[in-house]
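> Okay, sequence plus prediction incoming.
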Amino acid sequence: MATMKSLIGLINKIQRACTVLGDHGGEGMSLWEALPTVAVVGGQSSGKSSVLESVVGRDFLPRGSGIVTRRPLVLQLHKTEEGTTEYAEFLHAPKKKFADFAAVRKEIEDETDRITGKSKQISNIPIQLSIYSPNVVNLTLIDLPGLTKVAVEGQPDSIVQDIENMVRSYVEKPNCIILAISPANQDIATSDAIKLAREVDPTGERTFGVATKLDIMDKGTDCLDVLEGRSYRLQHPWVGIVNRSQADINKRVDMIAARRKEREYFETSPEYGHLASRMGSEYLAKLLSQHLETVIRQKIPSIVALINKSIDDINAELDRIGRPIAVDSGAQLYTILELCRAFDRVFKEHLDGGRPGGDRIYGVFDHQLPAALKKLPFDRHLSTKNVQKVVSEADGYQPHLIAPEQGYRRLIDGSISYFKGPAEATVDAVHFVLKELVRKSISETEELKRFPTLAGDIAAAANEALERFRDESRKTVLRLVDMESSYLTVEFFRKLHLEPEKEKPNPRNAPAPNADPYSDNHFRKIGSNVSAYINMVCDTLRNSLPKAVVYCQVREAKRSLLNFFYAQVGRKEVINIIIAPLLWLLGEDSQTVNNIKIMMQKEKLGAMLDEDPQLMERRGTLAKRLELYKQARDDIDAVAWK
Ligand SMILES: Nc1nc2c(ncn2[C@@H]2O[C@H](COP(=O)(O)OP(=O)(O)OP(=O)(O)O)[C@@H](O)[C@H]2O)c(=O)[nH]1
């Protein structure tokens, strides 16, 4: 069975961790909101600070006119062994132990101003204060700014509403136990605390009514109707309190004496004597502590469920945004290579048909290239007129006697050179498709999304490689075209020579009147022979150009797109391995060492794995939160099953 101390201690611990993580309710599912807390609510001067101080048994809260409490104060009370010295500790200054409670008060004031400035604004970021003392019970209380009707000088008018909103944001949480402080010397029906508590907790099951200032009620009046639960019925009994009066405070009556005085007041009071055992701040502290313990015990299953759900959610988000990267260069190298491989896989899937895009390369060979070949101006180049011109020029002063060898060669060379255009265009078109596939593959490689620097590096390296393949491919296709010029297929011309001259009557070819029929026919014949030869070359190139392009560009892209990059990365790894121990040997302070360090920084593998800073921050937060939740789960396991 868990002890009261351990249960409340557990919640205190989780609460502190929540504050460190900036979880003080508000957005989404919050562990803070699942934890039971006691919030002290009341109008200004209702006696909130006095009640808190008598529960603690110490003066430590800032006093003054106007709105003094401007940030929630989470006050965690830890009971220590009898005889131990009391001290306080703030979460924002964890190493400093305050034995002097006047210094605690000063620190609360300073810490309030640190967030709100001197502007007297309010802030909902809590100050977390732990008090360790043998004179307290284990309890966590949250002191909230006093509800007020008017802003004082220097405070904006909105502060009235701001305070109400802040207080409301605490008390409306179903896990908040409301300590509603009402001064008995005023009409309890108009008490700010009771009004607000009624609104957010109409059944009164989580409200504890506290009536202060019983000692200064008008003569002849008492608070019995309230304290005995007749006027303002709540599920829990009302507790009457007698705090130190202003005069007592001025006289520096200490808290222990004040508690004794309070006890005596009730024991000797004609009105409240019969209730003495259920009145006073000590009783209130015990009552709250017991209640808090019961509530915590009830809530543990739902808190554990929330923690488990949060752990699952955080793990899922961490998986989505990626786990942290290792710091040693070996592991970084491994990560980089894994990421490159992931990209390479996607890229290959595009080429091989697992993803769309590779078919566009076939489109280039099947449509673009044939269409470009078809458009070549052979008709013009091999027109009778041009044939005659080229042949005559090749003949020079001596016209050819049998076949115009030179003329044929010039006409063929001239025609073949036209193929260079479509050949280069094919190379470029395939280059363009490959580049586009690189871009797509980068954006489709999920693993790369968190590493924009590396994604950029890979894209640049892949594009560089594609440029190299393009240059190689261009040289190869131009060579293929040149090869066609460098040695002609003799067979073709021999066959021509053997074929009998068949003069087919062709009305379109009929010589025009006055034309020289022999000469025209002769050149037409040459033109058609060259054209037939070029058609043959065209068929060959239509088949061989795609082969060259695939060989030089597509196949290489599949085989060695990132080879250069791997070499570069490997070089960085070697530099890291060799230079790091050298630097260590050289010591720390020379200029050379600094220069080498700057150079090394550029060579750092880790730099390639730079992530979006926001993402890194988010991961850091999630990792911390995960640790908190896991720790909280362990703590609950340890306490709840004791
Ligand atoms: N006689 C008497 N005076 C009390 C009692 N409770 C509070 N006071 C006095 O009432 C004044 C206001 O008390 P605080 O405890 O400062 O009240 P508060 O609600 O914290 O006030 P703010 O922080 O200004 O909102 C002080 O002068 C107290 O001494 C009480 O039970 N009896």
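Arrived safely, thanks for sending. Residues are numbered from 1 along each chain as shown.
> contacts and neighbour counts: CA atoms only from here.
OK.
> remind me which residues of the stretch 451-600 of the chain are low pLDDT?
The stretch 451-600 of the chain contains residues with pLDDT under 70 at 497-518, 576, 579-584, 586-590, 592-600.
> and if you look at the stretch 1-150 of the chain?
For the stretch 1-150 of the chain (pLDDT under 70), the answer is 1-6, 16-17, 19-30, 32, 64-67, 118-119.
> the helices in it, which residues?
According to DSSP state H, counting those that start in this stretch, the stretch 1-150 of the chain carries its helices in the segments 4-20, 31-34, 48-56, 101-116.
> Could you pick out the residues of the stretch 101-250 of the chain near the ligand for me?
146, 212-216, 241-246 (CA under 6 Å from any ligand atom).
> Turn those residues into a markdown table, columns for secondary structure and neighbour count.
Conversion of those to a markdown table gives the following (DSSP: H, G, I helix; E, B strand; the rest coil; neighbours: other CA atoms under 10 Å):
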| residue | secondary structure | neighbour count |
| --- | --- | --- |
| Gly146 | coil | 27 |
| Thr212 | strand | 26 |
| Lys213 | coil | 19 |
| Leu214 | helix | 20 |
| Asp215 | helix | 20 |
| Ile216 | helix | 14 |
| Ile241 | coil | 30 |
| Val242 | coil | 25 |
| Asn243 | coil | 26 |
| Arg244 | coil | 24 |
| Ser245 | coil | 16 |
| Gln246 | helix | 9 |
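> For Arg58, see how far away Ala99 is.
11 Å (CA to CA, to the nearest Å).
> between those two, which one's more packed in?
Arg58 (19 against 15; other CA atoms under 10 Å).
> Dihedrals phi and psi, that one?
phi -150, psi 150 (degrees, to the nearest 10).
> Hmm, Phe101 and it touching each other?
Yes. At 7.4 Å, Arg58 counts as touching Phe101 under the criterion of CA atoms under 8 Å.
> Mind jotting down where the helices sit in the stretch 251-400 of the chain?
255-268, 281-321, 329-352, 359-363, 369-374, 378-381, 384-395.
> The ligand: which of the ones you listed is closest?
The closest of those to the ligand is helix 255-268. By CA to the nearest ligand atom, the value is 9.0 Å.
> Would you mark the buried spots in the closest one?
For helix 255-268, the neighbour count (16 or more other CA atoms under 10 Å) marks 255, 258-259, 262-263, 265-267 as buried.
> now stretch 143-150
143-148.
> Narrow those to those in strands?
Asp143 (DSSP state E).
> now, among the buried residues of stretch 143-150, which is nearest to the ligand?
Out of the buried residues of stretch 143-150, the member with the shortest distance to the ligand (by CA to the nearest ligand atom) is Gly146, at 4.2 Å.
> Do I have it right that that closest one meets Gln44?
Yes. At 4.6 Å, Gly146 counts as touching Gln44 under the criterion of CA under 8 Å.
> State the distance from Gln246 to Val55.
Distance from Gln246 to Val55, by CA to CA: 18 Å.
> Also Leu292?
15 Å.
> Chain neighbours aside, what residue packs nearest to the closest residue to the ligand within the stretch 451-600 of the chain?
Of all residues in the stretch 451-600 of the chain, the one sitting closest to the ligand is Phe451 (52.4 Å; CA to the nearest ligand atom). With sequence-adjacent residues excluded and distances taken as CA to CA, 6 or more residues apart in numbering, Phe451 is closest to Glu611, at 4.9 Å.
> dump the residue contacts of the one you found.
450-453 (CA atoms under 8 Å, 6 or more residues apart in numbering).
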